[in-house]
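S.K.: got a predicted structure plus its sequence, pasted below:
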Amino acid sequence: MRNTHKVTIGTVTRELPLVWVSEELRIANFVILGDSEIVAEAASLIVDKLPEVDFFVTAEAKGIPFAHEVAKLKGMPHYIVARKSVKAYMEEPLVATVTSITTQKQQKLVLDGPDAERIKGKRVALIDDVISTGDSLRALEALVTEAGAEIVARAAILAEGDAADRDDIIYLEKLPLFPAE
Ligand SMILES: O=P(O)(O)OC[C@H]1O[C@H](OP(=O)(O)OP(=O)(O)O)[C@H](O)[C@@H]1O
Ligand SMILES: Nc1ncnc2[nH]cnc12
């Protein structure tokens with residue numbers, strides 16, 4: 001049984017370990033946290049594919065370094081992060097529920113009230129590291145729509161499994177899923 005899958009983003013290659021996320025399925029584990037080289041390469045490649053927007057919106061946690069780098073390259077001083085829990089310092093947060101492929105139990109996705117106010121009536125692009133089942137993207141869409149923003153693009157470094165067939169997302173590379181044999 002193979003244990004890794006190679007992924008190449010521009011000039012950067014990583015050998016991803018295959019990890020079980022259920023009894024029937026392994027994923028090639030793509031963790032950009034701490035990998036400044038792949039984040040910089042991916043951001044530089046996706047930036048030209050994105051429309052002009054007022055804000056990038058991402059989800060905690062692995063989307064954050066990518067959104068940060070993309071915003072920096074675009075010269076945008078601020079981007080919006082939906083968190084995975086409600087914090088004491090939040091004001092009137094908007095809350096959605098999400099079940100991603102790596103977690104398989106319900107989590108929260110939370111947009112702080114002042115961030116919701118900031119994107120109201122604005123053009124936003126949703127960006128993340130990976131789109132797989134699409135549930136994280138769906139939850140992010142629900143939050144920014146509730147906030148009154150207009151979604152003009154959805155983008156990720158990788159489209160995993162069936163997400164690669166979606167025609168409503170921008171991505172750099174495909175990532176297969178690895179069902180049990
Ligand atoms: O399309 P989906 O099936 O929803 O999967 C994609 C989501 O999964 C990952 O986050 P994860 O849930 O692993 O959380 P983390 O970023 O906090 O590690 C990734 O950053 C996306 O947000
Ligand atoms: N292959 C993957 N690696 C890490 N996080 C993910 N989230 C969705 N797919 C993922």
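M.R.: In hand now; what should we look at? Ligands and ions are numbered 1, 2, ... in the order given.

S.K.: read off the pLDDT value for I151.
M.R.: What the model reports as pLDDT for I151 is 98.

S.K.: wait, isn't it in contact with A142?
M.R.: No - the pair I151 / A142 is not scored as a contact, 10.6 Å apart, by C-beta atoms under 8 Å. Every C-beta, even on glycine, is put in place using the N, C-alpha and C of the backbone.

S.K.: give me the pLDDT for the residue nearest the centre of the chain.
M.R.: With distances taken as C-alpha atoms, centre = their mean, the residue of the chain nearest its centroid is D128 (1.5 Å). Per-residue confidence for D128 comes out at a pLDDT of 98.

S.K.: how close does it get to V70?
M.R.: With distances defined as C-beta to C-beta, to the nearest Å, the gap from D128 to V70 amounts to 11 Å.

S.K.: equivalent analysis for I151, please.
M.R.: Using C-beta to C-beta, one obtains 16 Å as the distance from I151 to V70.

S.K.: more neighbours: which of the two?
M.R.: V70 (23 against 17; other C-beta atoms under 10 Å).

S.K.: wasn't that one part of a strand?
M.R.: No - per DSSP: H, G, I helix; E, B strand; the rest coil, V70 lies outside any strand segment and is helix.

S.K.: would you mind measuring from the closest residue to G113 other than its chain neighbours to A156?
M.R.: Leaving aside its sequence neighbours, G113 sits nearest to E92 (C-beta to C-beta, 6 or more residues apart in numbering; 3.6 Å). Noted for E92: a distance of 29 Å to A156, by C-beta to C-beta.

S.K.: out of the two, which sits in the busier spot?
M.R.: For E92 versus A156, neighbours defined as other C-beta under 10 Å are more numerous around A156 (27 against 10).

S.K.: buried set for the longest strand anywhere in the chain?
M.R.: Among all segments of the chain classified by DSSP state E, the strand with the greatest residue count is strand 150-160. Of the residues in strand 150-160, those scored as buried under the neighbour-count criterion (16 or more other C-beta atoms under 10 Å) are I151, A153, R154, A155, A156, I157, L158, A159, E160.

S.K.: one more: stretch 111-131?
M.R.: By neighbour count, and taking 16+ other C-beta under 10 Å as the criterion, the buried residues in stretch 111-131 are 111-112, 115-116, 118-119, 122, 124-131.

S.K.: is it anywhere near ligand 2?
M.R.: Yes - Stretch 111-131 comes into contact with ligand 2 (C-beta under 6 Å from any ligand atom), by way of V130.

S.K.: near ligand 1, anything from that stretch?
M.R.: Yes - with C-beta under 6 Å from any ligand atom as the measure, stretch 111-131 is seen reaching ligand 1 through D128, D129, V130, I131.

S.K.: what about that stretch, distance to the chain center?
M.R.: Distance, stretch centre to chain centre, for stretch 111-131: 12 Å (C-alpha atoms, centre = their mean, to the nearest Å).
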